[in-house]
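A.B. asks: Generate coordinates for the sequence data below:
(2 chains)
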Amino acid sequence: MKRILYVEDSITAQLIFRRLLGAVHEVTIAESTRVATTLLQTGTYDLVVTDYLFPQGDALEVIGPLRQEKSPLELPIIAVSGSLDTALIARLHRVGVNACVPKPLKADEFRALIEQMLEHPFVENNADAAATVCCFQWFERGLYHEYNPELNHHLSGRDRNEVTARMHAWLQERLAGGDSLGYTSQERIRSHLLPAATRAAAAPPSAGVS
Amino acid sequence: MAATQTITDSLIQDFIVRAVQNVCQTMLCREVGFVEKSSSADYCGFSDRVHLFGNVGFAGEVNGIVYLCIPDDFAQDAASRILGMTPAEVEMSGDEVVKDVIGEITNMTVGGFKNALCDVGFPCKLSLPVIVRGDKISVASIRGAARHIFHFDCAGHRLIADIQLKHD
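C.D. replies: A predicted model of the protein is given here:
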């Protein structure tokens, strides 16, 4: 069982956090940055998880002094907030946060991140990322395919890594050209069950490899 | 980041619809349908019911405020789902617990909307949420601000996002 300090003023978020992790780790709640600073001076923790915005200030008041004493690998910090835009994420990484997680928290992903961080602390390196762009990959009739739904762009080829590299380069080019990217969400795989006749009658694909 | 586009009506709609759906799906495990963009925050039966109004302001390259108007019975159900309590336990816990839940929902929803604005080149910062509960409440327009009112349906409840934006 590891010791986690959660800095959060919302009672709702505190309850959710305890429900997610309270059974497997020792969770201490600090309802303000001032209380967190005191607890960090007197106690020992394996991980700090902190909200960003508080009525009396922000998480930088805790993170700054803490990072002067302990490195990201000695005491990892995860920032969780509803207001994590790209600029704030970059700023938090610069001051020494290991990872940033936007609220609302997706329970399974968040638990997995906490366990990874406790087991082998790491630092996310996305401070330079301009956007996270979702593409869909699949394998069909001997070819690897990758499709970007936002710009309706489809690539395929016999080598998956080569297809991915081409898509990455193309996306970078479009982003640099001013295209707005990174807004695909709620992706799902939906299997359509069709009658056997439909499959038999379907013509083989004639599209070429782009 | 320099602005990559102007804040059009469709962009505002896109951002708020995604923010509301993300929060309701993740926090409440509920699907939310966008109903309409309206010129009024009123709807049939609105004045007969107690509502909670959560609001969060934002200031920066773009200034404004977002109000989420939530029927009281929906708020009670949301608190029950999020806190893992029975409806009776929520009722016994009192108004402050429900207000805190709606504060968190408002914060996440407006945060999602604000982050989308930031990421297209309109950096701004959020204020803390303020929650008011009552009936016959109406939201006044901010002078000089464009007002966008969006209606949503979640399990038969009408949720309203009332956005007022000022962009110099």
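A.B. asks: Kindly format the C-alpha coordinates of stretch B:56-74 as PDB.
C.D. replies: Taking only C-alpha atoms (Å, rounded to 0.1, in the frame of the first residue of the first chain), the coordinates of stretch B:56-74 have been written out as PDB:
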ATOM      1  CA  VAL B  56     -18.200  29.700 -14.400                       C
ATOM      2  CA  GLY B  57     -16.600  32.800 -15.900                       C
ATOM      3  CA  PHE B  58     -13.600  33.000 -18.100                       C
ATOM      4  CA  ALA B  59     -11.300  35.900 -19.000                       C
ATOM      5  CA  GLY B  60      -8.500  36.400 -21.400                       C
ATOM      6  CA  GLU B  61      -8.500  36.800 -25.200                       C
ATOM      7  CA  VAL B  62     -12.100  36.100 -25.000                       C
ATOM      8  CA  ASN B  63     -14.300  36.900 -22.000                       C
ATOM      9  CA  GLY B  64     -17.600  35.500 -20.900                       C
ATOM     10  CA  ILE B  65     -19.600  33.300 -18.600                       C
ATOM     11  CA  VAL B  66     -21.300  30.000 -19.100                       C
ATOM     12  CA  TYR B  67     -24.400  29.100 -17.100                       C
ATOM     13  CA  LEU B  68     -25.600  25.500 -16.800                       C
ATOM     14  CA  CYS B  69     -29.300  25.300 -15.900                       C
ATOM     15  CA  ILE B  70     -30.100  21.900 -14.400                       C
ATOM     16  CA  PRO B  71     -33.500  20.700 -13.100                       C
ATOM     17  CA  ASP B  72     -33.300  19.900  -9.400                       C
ATOM     18  CA  ASP B  73     -34.400  16.300  -9.900                       C
ATOM     19  CA  PHE B  74     -31.700  15.800 -12.400                       C
END
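A.B. asks: Looking at it now, give me its mean pLDDT.
C.D. replies: Here stretch B:56-74 scores 94 as its mean pLDDT.
A.B. asks: Check which residues of stretch B:157-168 are buried.
C.D. replies: Neighbour counts using 16 or more other CB atoms under 10 Å in any protein chain shown place B:157-165 of stretch B:157-168 among the buried residues. Where you see a C-beta, it was placed from the backbone N, CA and C, and this is true even at glycine.
A.B. asks: what separates that stretch from the chain centre, distance-wise?
C.D. replies: Using CA atoms, centre = their mean, to the nearest Å, the mean C-alpha position of stretch B:157-168 is found 7 Å from that of the whole chain.
A.B. asks: now check that stretch, is it near chain A?
C.D. replies: No. Judged by CB under 8 Å from any CB of the partner chain, stretch B:157-168 makes no contact with chain A; its nearest approach is 14.9 Å.
A.B. asks: Kindly report the same for stretch B:80-96.
C.D. replies: Yes. Using CB under 8 Å from any CB, stretch B:80-96 reaches chain A at B:82-84.
A.B. asks: For PyMOL, write the selection for the buried entries among the residues you listed.
C.D. replies: When burial is assessed using 16+ other CB under 10 Å, the buried subset of the residues of stretch B:80-96 next to chain A is captured in PyMOL by this command:
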select buried, chain B and resi 82+83
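A.B. asks: In strands only, show me the residues of stretch B:80-96 next to chain A.
C.D. replies: By the criterion of DSSP state E, membership of those in strands covers no residue at all.
A.B. asks: circling back: and the two most separated of the buried residues of stretch B:157-168?
C.D. replies: Checked with CB to CB, those reach their widest spread between B:His157 and B:Leu165, with 25.5 Å between them.
A.B. asks: Can you list the buried residues in the helix ranked longest in chain A?
C.D. replies: Scanning chain A for the longest helix, with DSSP state H as the assignment, gives helix A:160-176. For helix A:160-176, the buried set under the neighbour-count rule, 16+ other CB under 10 Å, comprises A:163-164, A:166-167, A:171, A:174-175.
A.B. asks: For the closest residue to chain A within chain B, which non-adjacent residue is closest in space?
C.D. replies: For chain B, the residue closest to chain A is B:Gly111, as judged by CB to the nearest CB, at 2.9 Å. Take B:Gly111 and drop its neighbours on the chain: the residue closest to it by CB to CB, 6 or more residues apart in numbering or on different chains is A:Gly82, 2.9 Å away.
A.B. asks: B:Phe113 is in contact with that neighbour, correct?
C.D. replies: No. Taking contact to mean CB atoms under 8 Å, the distance of 9.9 Å between A:Gly82 and B:Phe113 leaves them out of contact.
A.B. asks: what mean pLDDT would you report for stretch A:115-123?
C.D. replies: For stretch A:115-123, the mean pLDDT works out to 88.
A.B. asks: just stretch A:69-80 next, same as before
C.D. replies: For stretch A:69-80, the mean per-residue pLDDT is 94.
A.B. asks: ok, back up a step: residues near the residue nearest to B:Gly111, how many?
C.D. replies: The local packing of A:Gly82 (other CB atoms under 10 Å in any protein chain shown) involves 28 other residues.
A.B. asks: Check A:Glu140 too.
C.D. replies: For A:Glu140, the neighbour count with other CB under 10 Å is 9.
A.B. asks: Name all residues that make contact with the spatially closest residue to B:Val101 that is not a sequence neighbour.
C.D. replies: Of all residues not flanking B:Val101 in the chain, B:Ala79 sits nearest, at 4.3 Å (CB to CB, 6+ apart). Applying CB atoms under 8 Å, 6 or more residues apart in numbering or on different chains, we find B:Ala79 in contact with B:85, B:90, B:93, B:97-98, B:101-102.
A.B. asks: Show me which residues of the helix or strand hosting B:Val101 are buried.
C.D. replies: Assessed by DSSP states H and E, B:Val101 sits inside helix B:95-119. Neighbour-count burial for helix B:95-119 flags B:97-119 (criterion: 16+ other CB under 10 Å).
A.B. asks: contacts for stretch B:125-135?
C.D. replies: The contact list for stretch B:125-135 (CB under 8 Å, 6+ apart) reads A:53, A:55, A:82-83, B:47-60, B:72, B:95, B:98-99, B:102-104, B:106-107, B:110-111, B:114.
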